[in-house]
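Chemist: Give me the fold of what follows.
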Amino acid sequence: MNHKLGRRWRNRLWAVMVLLLPLLSACGAAGTAHRTTDPIDAPPPQVEESMLQQSAASTDTAAAPDPANPEDSVTVYLRDRNGYLAPMTMHLSSGGSSAGGTTEAMAKIALIWLTQDPSRSEQLPAGFTAVVPEGMTADTVKLDTQSHTLSIDFAAPLAGMTASQERKMMEALVWTMTEFPGIDKVRLSVAGKPIRMLPSSEQPVDEVLTRGFGINLEQANGVPMTRSMAVTLYFAARSDSGDGYFVPVTRLIARSADRMGAALDELVKGPEDKQALHAVLMPGVTVEKHSHVADTVNVSLHEDGWAPESTVPSEMMDALVLTMTEMTGAPQVKVTMNGNDSFLDSDERSYDHPVTRPAVVNVLKR
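Modeler: Below you'll find the model as predicted:
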């Protein structure tokens with residue numbers, strides 16, 4: 001009896017948090033830059049089927065996505081060995097995009113990589129797994145270019161999943177699909193009926209989902225959920241082979257009128273889970289000031305003893321740009337160190353001009 005009551009109480013708490021996230025999150029509709037595409041006609045069925053087969057059968061483990069040609073790749077959110085979802089950019093096999101794939105066709109390819117399948121598991125980056133249950137297929141994938149909404153209708157109901165697995169699956173679907181230009185919102189349904197509640201957790205689900213749904217949720221210590229807001233931060237992680245990759249974490253923090261400043265403060269604090277995730281800002285770095293003007297976020301950092309001839313970690317700069325563009329929807333970020341923008345990062349990239357969000361993220365060998 002007490003166990004049932006406790007479960008109901010936890011379910012209600014999570015239900016409250018899910019309902020609050022779209023209202024409180026700074027990474028919702030404004031969390032990604034508004035992207036539009038012209039209306040596009042679907043390719044002939046045989047062309048689309050060829051694209052899917054070629055992508056699913058790809059065994060090319062050496063080629064990496066070309067940042068200059070992001071259309072040759074697809075970014076999907078996979079679960080790492082610590083249970084976190086992280087974006088992984090997968091290179092499409094020859095012909096995967098040259099067939100003239102539409103956004104809908106590319107979304108179907110992403111669904112292939114998101115779905116568990118023993119025949120493809122070895123093609124994923126080592127230590128990563130798909131989160132959509134094997135055999136769960138979509139009857140239709142439809143893009144409404146006017147509302148920037150992708151609708152996915154699954155053939156069978158969600159079943160046989162734990163509460164945490166359900167949540168991860170929903171997060172992976174929403175965040176993967178909103179990676180595509182022209183998609184800001186996602187509708188999920190089963191046999192034509194919207195998914196209103198997750199079966200195991202009994203969490204309510206909005207009919208239209210955005211990145212405000214959150215990802216890898218965590219709650220700051222001492223902050224009641226009902227008086228919180230959400231910020232999505234990017235931290236670093238390491239694979240078994242030592243490769244670095246970024247993990248987005250949606251943290252519930254105390255409400256603040258200065259959402260950007262609050263997010264920067266949390267980035268300085270670093271991750272809550274220090275075993276699996278790593279801080280991205282150099283020790284001693286502080287934020288002097290910040291602003292959002294037109295399409296640019298301006299961030300002024302300070303560190304005692306830093307000199308312009310010193311390099312800064314590229315990991316720090318990438319995480320800062322990812323966090324700020326995710327938070328504000330601005331496409332670019334201008335960074336200064338101790339009032340100076342004449343510096344290079346460890347990848348020899350210059351910051352004397354605004355830098356844009358990376359076109360591809362987390363390219364690991366398969």
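Chemist: which residues touch S314?
Modeler: Applying CB atoms under 8 Å, 6 or more residues apart in numbering, we find S314 in contact with D345, S346, D347, R349. All C-beta spots, glycine's among them, are computed from the backbone N, C-alpha and C.
Chemist: Mind picking the one among the residues you listed that's closest to H91?
Modeler: Closest approach between the contacts of S314 and H91, by CB to CB: D347, at 20.3 Å.
Chemist: Find the nearest non-adjacent residue to the closest one, please.
Modeler: Excluding the flanking residues, the one nearest D347 by CB to CB, 6 or more residues apart in numbering is S314, at 4.1 Å.
Chemist: low pLDDT regions in the stretch 201-350 of the chain?
Modeler: Scanning the stretch 201-350 of the chain for pLDDT under 70 picks out no residues.
Chemist: Please enumerate the strands of it.
Modeler: Assigned by DSSP state E, counting those that start in this stretch, the stretch 201-350 of the chain shows strands spanning 218-219, 228-238, 244-254, 286-293, 296-302, 332-337.
Chemist: mind putting those in CSV, distance to S201 and mean neighbour count included?
Modeler: Listed next are those as CSV, based on distance: least, CB to CB, whole Å; neighbours: other CB atoms under 10 Å:
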stretch, distance to S201, mean neighbour count
strand 218-219, 16, 16
strand 228-238, 18, 23
strand 244-254, 17, 21
strand 286-293, 36, 13
strand 296-302, 35, 19
strand 332-337, 36, 20
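Chemist: Quick check: which of those is nearest to L267?
Modeler: strand 228-238 (5.3 Å).
Chemist: any idea of the angle the closest one forms with strand 244-254?
Modeler: Angle, strand 228-238 to strand 244-254, by axes from the mean of the first three to the mean of the last three CA atoms, to 10 degrees: 160 degrees.
Chemist: With only the CA atoms kept, save strand 228-238 in CSV.
Modeler: Extracted C-alpha coordinates of strand 228-238, given in CSV (Å, rounded to 0.1, in the frame of the first residue of the first chain):
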residue,chain,number,x,y,z
SER,A,228,12.3,26.4,-11.0
MET,A,229,13.3,27.2,-14.6
ALA,A,230,15.3,25.0,-17.0
VAL,A,231,18.5,25.8,-18.7
THR,A,232,20.3,23.4,-21.1
LEU,A,233,24.1,23.2,-20.6
TYR,A,234,26.8,21.4,-22.5
PHE,A,235,29.4,19.4,-20.6
ALA,A,236,32.2,17.1,-21.7
ALA,A,237,32.4,13.3,-21.5
ARG,A,238,35.0,10.7,-22.5
